[in-house]
Every structure is written in structure tokens, then in C-alpha cells.
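K.L.:
Here you go, sequence then predicted model.
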Amino acid sequence: MYLLLRNLKRLALPSSCRFISNYVSRMRHLFDLKENDEACRKALSSGSFLLFHSLSPLMQKTENKYTVPFVTASELYRILRKLGQKEKYLEESVLLGCTDSYLAQFALDLGIMEKAKAESLLQGTFVDLRKAFLLLDGKNAQMLSQAQALLRWHNTHLYCSKTGHPMQKNVSGSRRICSSNGTIYYPQMSPVIITLVSDGTRCLLARQEAFPSGMYSALAGFCDIGETVEQAVHREVAEEVGLEVSSSKYAASQHWPFPNSSLMIASHAMVQPGQIKITLNQFELEDARWFGAEELAEALRRERMPSKNEMGTIPFWIPPPWTIAHQLIKEWTQQKQLC
Ligand SMILES: NC(=O)C1=CN([C@@H]2O[C@H](COP(=O)(O)OP(=O)(O)OC[C@H]3O[C@@H](n4cnc5c(N)ncnc54)[C@H](OP(=O)(O)O)[C@@H]3O)[C@@H](O)[C@H]2O)C=CC1
Ligand SMILES: [Mg+2]
């Protein structure tokens with residue numbers, strides 16, 4: 001049945017599939033590109049590309065706004081030639097998605113080429129992803145997150161961990177295959193919980209030493225092997241701030257590219273009544289505090305990260321609006337009807 005559907009789909013896509021929604025036909029088109037190397041190779045020549053250099057994305061600045069450009073295949077061929085590379089280098093790309101009109105979108109790392117020359121030809125700058133994240137809106141950030149995580153995974157999985165032989169990626173980059181015994185490896189993500197702990201009237205935010213100055217966020221941590229999401233929330237809150245969670249409720253999820261590739265699973269959590277004394281795990285956190293709804297509503301009203309001059313004048317700030325931590329804080333504050 002599945003093969004029949006897949007063959008029907010191949011016959012119909014992309015122009016004549018009016019009987020299914022654009023979303024469904026796009027997802028099936030992408031599935032085909034992942035499975036079929038020839039189709040994906042063909043899509044490369046009409047696709048568009050997000051470019052990276054050593055995992056830093058290309059950004060362009062117009063007036064005060066930063067954008068992440070998609071470069072067309074023909075423009076990229078021209079640039080690769082000027083950088084002394086063959087057109088074949090395009091096959092190092094990884095597939096990200098496709099537009100409403102089925103044009104495939106890829107990411108490519110130009111890390112083996114001269115950075116300054118590439119920046120000059122592309123009229124942009126390769127920016128560290130953590131910095132880029134503070135300058136972008138949600139749609140762009142999500143795309144860069146996916147692209148960098150996939151490029152990084154390929155870059156760090158060159159050899160088979162069973163045989164030690166080199167691995168080849170399929171054209172789309174949805175898998176790598178051992179050249180010796182054919183073992184297939186798929187890109188991996190680590191499940192991470194992120195939870196906004198509340199005592200009913202206030203909620204708990206913390207900061208790690210590595211956070212930008214003044215930024216506070218929800219508690220987060222990697223799930224251990226064998227744990228449920230609920231158990232990971234319970235354990236992380238106990239480990240990091242010494243409190244015991246009495247209940248937690250799933251809120252949403254988000255892909256996060258740091259430190260490698262994480263699936264952030266977000267929840268709201270309540271602590272046991274009367275248990276509000278924080279005992280900080282100083283290996284993990286620099287500070288953790290209870291915040292009231294009024295001060296969070298004010299932090300939510302600040303639309304962007306503070307400039308260097310503003311840093312000292314603002315008591316604290318929270319991650320950008322498109323992050324899942326921001327969403328948790330907003331939901332909690334909205335429940336208190338303060339924003
Ligand atoms: N969006 C947001 O607002 C926030 C997002 N985050 C993200 O949440 C994730 C987890 O946060 P964090 O508080 O650091 O996690 P944890 O609280 O689990 O602490 C990190 C520690 O766990 C170890 N560790 C265990 N498993 C892994 C793994 N699979 N990958 C990497 N390290 C692992 C690390 O050890 P070692 O490094 O010593 O080897 C590190 O010391 C990160 O991806 C972080 O970027 C975190 C806070 C806020
Ligand atoms: Mg943590």
C-alpha cells in the first residue's frame with residue numbers, strides 16, 4: 001500500500017497534486033528528495049542555499065536590520081568558481097526544506113574556502129550563531145538552527161564508529177552510510193527539558209556563567225538515558241536549585257542547536273507547597289531567583305536585548321521572543337493577566 005501511494009505521488013508531484021494540500025504535497029516532495037539521490041541532485045541545480053563558514057551563518061545588514069540571505073544555485077556556481085572550487089562542491093549541501101512552489105532549500109558550509117574572499121563576494125559577514133540568534137526573528141533563527149545542526153552532524157560523523165571506515169552522505173544529507181559494511185547513521189538530537197518552575201505567585205529564573213550579561217532563563221537540562229520527560233524535570237529542578245516539583249505540564253517544543261543539536265521539551269512546573277528556598281548548584285548555575293509577575297511583564301515589554309550601554313541600567317533581561325524560554329515566561333505572565 002505504502003509503495004503504491006509513493007509511486008502515485010511520484011507520478012503526480014509537484015504540479016498536478018491539487019487533491020491534497022500544498023503542505024502535504026510539499027512534505028511528500030521532500031520525502032522523495034531525501035530518498036532519491038538523482039531527484040535531489042537535480043533539485044540542487046535549481047535550489048537556493050543558506051551559506052555558512054565553519055558553522056557561522058552568512059548575514060547581511062541593511063540599515064539596522066540583519067537578514068539571512070538565500071543564494072540561488074546560479075549565483076553560487078559563479079561564487080564557487082571565483083573561490084577556486086568545482087561545481088561538484090554543491091553536493092556537500094544538506095537539504096532543509098522547500099518553498100511553496102517546491103524549490104528546494106539547502107545549506108552549505110564554505111569552511112574550506114578563504115573566509116574574507118567569500119564574505120566580499122557575497123557582500124555579507126559570517127557571524128557566530130549565538131550572536132546571530134540575538135539579532136534575528138523566529139523564522140530565520142529556526143532555519144539557521146536546523147541548518148547548523150545538520151551541517152555540524154555531518155562534519156563530526158566522517159567515519160563509521162563500528163568499522164572506522166569513511167562514511168558517505170546521501171545527496172540530501174538525511175543519512176550517512178559506511179563505505180565498508182553499509183551501516184546507516186541518521187542525524188541525532190539530544191532530548192532536553194526546559195521548565196518554568198512556579199510557587200503559584202512567582203516563578204524561578206536562573207543564569208549560567210556563560211549566558212550574556214544580565215540574561216536569566218528557565219531551568220534546562222539533558223534527559224538521562226531511561227528517563228521520562230517528567231522524571232527529567234523532577235531531577236533537574238532538584239539538582240540545579242534543590243527544590244522538589246509536585247506537578248508539571250507540557251507546553252511546547254523547539255529545536256536548539258547548542259551545544260550540538262537538542263530537542264527542547266518545555267513545561268510549566270509547580271513546586272511542593274512551602275518549598276521555596278533555593279539551594280544553588282554552583283557547578284551548573286551562577287544565580288537563580290524568584291521573579292514576580294510585574295517584573296516579568298516589564299521584561300516581556302522590552303522587545304530586544306539591551307545594548308551595551310543599557311546593560312547596567314536594566315535589572316535583568318530574558319531570551320528573545322522566539323525562544324521557548326520566552327514563550328514559557330509569556331504564558332505564565334499572561335496567566336497572571338499582566339501582559
Ligand atoms: N533556550 C534557553 O533559554 C536555554 C537553553 N538551554 C539549552 O539547554 C540545553 C541543556 O542545558 P544545560 O543547562 O547546559 O544542561 P544540564 O543542566 O544537563 O548541564 C549540562 C551538563 O550536562 C552534561 N551533559 C550531559 N549530557 C549531555 C549532552 N547530551 N550534551 C551535552 N552535555 C551533556 C554536560 O557536561 P560537560 O559539558 O561537562 O561535558 C554539562 O556539564 C543546552 O542545549 C542549552 O543550550 C539552556 C538554558 C536556557
Ligand atoms: Mg542546566
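P.N.:
The structure has been received and is ready for your questions. Residues are numbered from 1 along each chain as shown. Ligands and ions are numbered 1, 2, ... in the order given.

K.L.:
use CA for all of it now, contacts and neighbours both
P.N.:
Fine.

K.L.:
right, is stretch 143-150 up against ligand 1?
P.N.:
No: using C-alpha under 6 Å from any ligand atom, stretch 143-150 stays clear of ligand 1, coming no nearer than 11.5 Å.

K.L.:
now that stretch, how far from the centre of its chain.
P.N.:
Relative to the chain's own centre, stretch 143-150 is displaced by 6 Å; criterion: C-alpha atoms, centre = their mean, to the nearest Å.

K.L.:
Likewise for stretch 310-318?
P.N.:
26 Å.

K.L.:
Look up the closest residue to R81, ignoring the ones flanking it.
P.N.:
Closest residue in space to R81, ignoring its immediate chain neighbours: E87 at 7.4 Å, by C-alpha to C-alpha, 6 or more residues apart in numbering.

K.L.:
Show the backbone phi and psi for that neighbour.
P.N.:
Backbone torsions of E87, given as degrees, to the nearest 10, read phi -60, psi -30.

K.L.:
My read is that it contacts L80, right?
P.N.:
Yes: at 6.8 Å, E87 counts as touching L80 under the criterion of C-alpha atoms under 8 Å.

K.L.:
what's the next secondary structure element after the longest strand belonging to the chain?
P.N.:
Taking DSSP state E as the assignment, the strand of the chain that covers the most residues is strand 245-256. Next along the chain after strand 245-256, taking DSSP states H and E as the criterion, comes strand 262-271.

K.L.:
List every C-alpha atom in that next one, with coordinates, as CSV.
P.N.:
Coordinates of each C-alpha in strand 262-271 appear next as CSV, following Å, rounded to 0.1, in the frame of the first residue of the first chain:
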residue,chain,number,x,y,z
SER,A,262,18.9,19.4,21.2
LEU,A,263,15.1,19.0,21.2
MET,A,264,14.0,21.3,23.9
ILE,A,265,10.8,20.0,25.6
ALA,A,266,9.2,22.8,27.5
SER,A,267,6.9,22.6,30.5
HIS,A,268,5.4,24.6,33.4
ALA,A,269,6.2,23.1,36.8
MET,A,270,4.9,23.7,40.3
VAL,A,271,7.0,23.1,43.5
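
K.L.:
Would you mind identifying the next helix or strand past that strand?
P.N.:
Using DSSP H and E, the helix or strand that directly follows strand 262-271 along the chain is strand 287-292.

K.L.:
what's the helix or strand that that next one is followed by packed up against?
P.N.:
Using DSSP H and E, the next helix or strand after strand 287-292 towards the C-terminus is helix 293-301. When contacts are defined as 3 or more C-alpha pairs under 8 Å, 6 or more residues apart in numbering; DSSP states H and E, helix 293-301 sits against helix 324-335.

K.L.:
Which other helices and strands does the helix it packs on contact?
P.N.:
strand 190-198, strand 245-256, strand 262-271, helix 293-301.

K.L.:
So what's the gap between the longest one and the chain middle?
P.N.:
To tie it back to what came earlier, the one meant is strand 245-256. Counting by C-alpha atoms, centre = their mean, strand 245-256 comes out at 17 Å from the chain centroid.

K.L.:
ok and that strand relative to strand 190-198, angle-wise?
P.N.:
130 degrees (axes from the mean of the first three to the mean of the last three C-alpha atoms, to 10 degrees).

K.L.:
and the residue of the chain at minimum distance from ligand 1, how many residues sit next to it?
P.N.:
Closest to ligand 1 within the chain is G221: 3.3 Å, counting by C-alpha to the nearest ligand atom. The number of residues packed near G221 is 19, by other C-alpha atoms under 10 Å.

K.L.:
List of residues touching the host helix or strand of it?
P.N.:
Element membership for G221, per DSSP H and E: strand 219-222. Strand 219-222 is contacted by residues 190-197, 205-206, 232, 236-237, 240 when judged by C-alpha atoms under 8 Å, 6 or more residues apart in numbering.

K.L.:
Do whichever helix or strand comes after it and ligand 1 come into contact?
P.N.:
Proceeding N to C from strand 219-222, the next assigned helix or strand is helix 229-241, under DSSP H and E. No: under the criterion of C-alpha under 6 Å from any ligand atom, helix 229-241 makes no contact with ligand 1; the nearest approach is 6.7 Å.

K.L.:
What residue, apart from its backbone neighbours, is nearest Q60 spatially?
P.N.:
The shortest distance from Q60 to any non-neighbouring residue, by C-alpha to C-alpha, 6+ apart, is to G124 (4.6 Å).

K.L.:
Next, the one you found: phi, psi?
P.N.:
When quoted as degrees, to the nearest 10, the phi and psi of G124 stand at phi -160, psi -170.

K.L.:
and it, what is it in contact with?
P.N.:
G124 touches 58-61, counting by C-alpha under 8 Å, 6+ apart.
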